[in-house]
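Asks: Generate a structure from the sequence data that follows.
(one chain, ligands or ions: 2)
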Amino acid sequence: MNLLLTNATLVTMETNDTGYQLKANHFINIINGKIAQIGGMASCPLLSSGKQFDCENKLLTPGFIDCHTHLVFAGNRAHEFEQRLTGVPYQEIARQGGGIMTTVNATRKATEAQLLAKALQHLSGLIKDGVTTVEIKSGYGLDLESELKILRVAKQVEQQAKIKVSTTLLAAHAVPPEFKDSPDRYIDYVCNTIIPAAVDAQLVDYVDVFCEGIGFNLQQTERVFRAALSFGLGIKGHTEQLSNSGGSALAARMGASSVDHIEYLDETGVKALAESGTVATLLPGAFYFLRETQLPPVELLRAYKVPMALATDFNPGTSPIASLLMIMNMGCTLFDLTPEEALRGVTCHAAKALGLAQQRGQIKVGFEADLCLWNIEHPAQLAYEIGTGLLAARIINGGLCND
Ligand code: DI6
Ligand code: FE
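Replies: Residues are numbered from 1 along each chain as shown. Ligands and ions are numbered 1, 2, ... in the order given. A predicted model of the protein is given here:
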């Protein structure tokens, strides 16, 4: 199917550009879901087949990419939110068997249909904010059957909603009760059973590990990454969220596409990211929701030219926030990003975090025609306003969506 977009103001977000480089009065010719031609309206081709859509000089960006979510889970943790507000810390709730395990227990019991219905409900918030690609992690199953169930639901999300899904196996999210006294045996199980089965069922693109005092240590993290790499999977890490334990540098040395959270990352860690081309994914939603005070090293990341992505980390425990525009605002107000950095963080840099830098996240000939049209006069408005209904239209796979 072909689509000709006319009279658009392009915000192309090409990786090597600085500044917004707005291109007014442009057309985009889309053929078979890909951007085939871009140019000024003076050279706009005549439509021979397909549809034409007048963008009325509105701003057109790449479709947004939410490169870190835990979208598939059951239940909610409102009760633990209340507990935290009376002074019980997040880590303490986890130590008492709540936290991640609360959600694991609910998720293990849920059917695929129940999980899918809830995931689609939550996804609708992201879609309203212009998300056209979403990464979905497992990690609330922690046994073979339940981890695969979550990944299957993630694949169903892709079939049922107009969205591209990238799947990540996060079986190493917490030690399940069955392995309480032997976390290393759980890691054996992850490496020898869960990863091979997920690969076999073609359910997984990436493998992730929660490398933290309340998660897994460096040695365990390295074992999981090695197993993933041996199957040709990509790796990424939840690292330096609550302490500086060296997980980001380890992940970078092993070729991770991204390291995520990284509030406690130091200069040595930043250098390791710069050397390996690993993306630093910032998650201000979790920082906000946990009322953290340790800020990620944004100045250092800039100085070492490490690409910064921004994502919702949508999950029931630390970031129940299904709004990527809100996260862009938080990236600016809490982490001092510029609105341009925030926009790069949900387009070209988020694509790189998912290994999709050559296909998505930029408006460029040959790229996938996933685009967003906005009711705005300036790109900075995307990070500036909250809840004002900025999205005019989404284009997915070259087709106009009426969400
Ligand atoms: N870090 C997080 O912020 C989420 N997972 C992780 O490793 C939170 C998970 C939860 O509390 O349910
Ligand atoms: Fe997360």
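Asks: Now the protein against ligand 1: closest residue?
Replies: Gly317 (2.1 Å; C-beta to the nearest ligand atom). C-betas here are computed from N, CA, C, even on glycine.
Asks: Which of the helices or strands spans that residue?
Replies: According to DSSP states H and E, Gly317 maps onto no helix or strand at all.
Asks: For this structure, what lies in contact range of ligand 1?
Replies: Listed as neighbours of ligand 1 in the chain under the rule C-beta under 6 Å from any ligand atom: 99-100, 103, 173, 210, 238, 241, 286, 313, 315-318.
Asks: Now the lowest-mean-pLDDT helix or strand in the chain - C-alpha only, CSV.
Replies: Least confident element among the helices and strands of the chain, by mean pLDDT, DSSP states H and E: helix 90-95 (a mean of 89). Coordinates of each C-alpha in helix 90-95 appear next as CSV, following Å, rounded to 0.1, in the frame of the first residue of the first chain:
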residue,chain,number,x,y,z
TYR,A,90,11.1,-0.2,48.4
GLN,A,91,13.9,-2.6,49.2
GLU,A,92,12.4,-3.5,52.6
ILE,A,93,9.1,-4.4,50.9
ALA,A,94,11.1,-6.6,48.5
ARG,A,95,13.0,-8.3,51.4
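Asks: buried stuff in that helix?
Replies: Neighbour-count burial for helix 90-95, counted by 16 or more other C-beta atoms under 10 Å, picks out 90, 93-94.
Asks: quick one on the thing from earlier: the residue of the chain closest to ligand 1 touches Gly99, doesn't it?
Replies: Yes: counting by C-beta atoms under 8 Å, Gly317 does reach Gly99; the two are 5.9 Å apart.
Asks: Find the residues that touch each one of these two.
Replies: The contact sets of Gly317 and Gly99 overlap at 77, 80, 90 (C-beta atoms under 8 Å, 6 or more residues apart in numbering).
Asks: host element of the second one?
Replies: Which is Glu80. helix 78-85.
Asks: Now that helix: average pLDDT?
Replies: Helix 78-85 shows a mean pLDDT of 96.
Asks: and it, what other elements does it pack with?
Replies: Here helix 78-85 touches helix 90-95, going by 3 or more C-beta pairs under 8 Å, 6 or more residues apart in numbering; DSSP states H and E.
Asks: who's in contact with the helix it packs on?
Replies: Residues outside helix 90-95 that contact it (C-beta under 8 Å, 6+ apart): 80, 83-84, 99-101, 174, 213-214, 242, 290, 317-318.
Asks: Quick check: next helix or strand after it?
Replies: That would be, after helix 90-95 and using DSSP H and E, helix 100-109.
Asks: just how off-centre is that next one within its chain?
Replies: Taking C-alpha atoms, centre = their mean, to the nearest Å, one finds the center of helix 100-109 at 22 Å from the center of the full chain.
Asks: other SSEs contacting it?
Replies: Judged by 3+ C-beta pairs under 8 Å, 6+ apart, the packing partners of helix 100-109 are helix 144-160.
Asks: tally of neighbours for Gly75?
Replies: If you count neighbours by other C-beta atoms under 10 Å, Gly75 ends up with 17.
Asks: dump the residue contacts of the residue nearest the centre of the chain.
Replies: Among the residues of the chain, the one closest to the centroid is Cys67, at 1.5 Å (C-alpha atoms, centre = their mean). Residues in contact with Cys67 (C-beta under 8 Å, 6+ apart) are 133, 135, 166, 258, 281, 309, 311, 350-351, 353-354.
Asks: Looking at those residues, which are in strands?
Replies: Residues from the contacts of Cys67 lying in strands, with DSSP state E as the criterion: 133, 135, 166, 258, 281, 309.
Asks: Looking at the residues of the chain next to ligand 1, which one is closest to Leu301?
Replies: Gln241 (15.7 Å; C-beta to C-beta).
Asks: how near is the nearest residue to Gln156 once chain neighbours are set aside to Ile150?
Replies: Excluding its sequence neighbours, the residue lying closest to Gln156 (C-beta to C-beta, 6 or more residues apart in numbering) is Leu116, at 5.3 Å. Distance of Leu116 to Ile150, given as C-beta to C-beta, to the nearest Å: 10 Å.
Asks: and what of Ala201?
Replies: Distance, Ala201 to Ile150, by C-beta to C-beta: 12 Å.
Asks: out of these two, which sits in the busier spot?
Replies: Using other C-beta under 10 Å as the criterion, Ala201 and Ile150 rank with Ile150 on top: 30 against 12.
Asks: neighbour-wise, which of the residues of the chain next to ligand 1 leads?
Replies: For the residues of the chain next to ligand 1, neighbours were counted using other C-beta under 10 Å, and His238 has the most, 31 neighbours in all.
Asks: who touches the helix holding Glu80?
Replies: For helix 78-85, contacts defined as C-beta under 8 Å, 6+ apart pick out 90, 93, 98-99, 102, 317.
Asks: one more time with 6 Å
Replies: Identification of contacts with helix 78-85 by C-beta atoms under 6 Å, 6 or more residues apart in numbering yields 93, 98.
Asks: any idea of the angle it forms with helix 100-109?
Replies: 180 degrees (axes from the mean of the first three to the mean of the last three C-alpha atoms, to 10 degrees).
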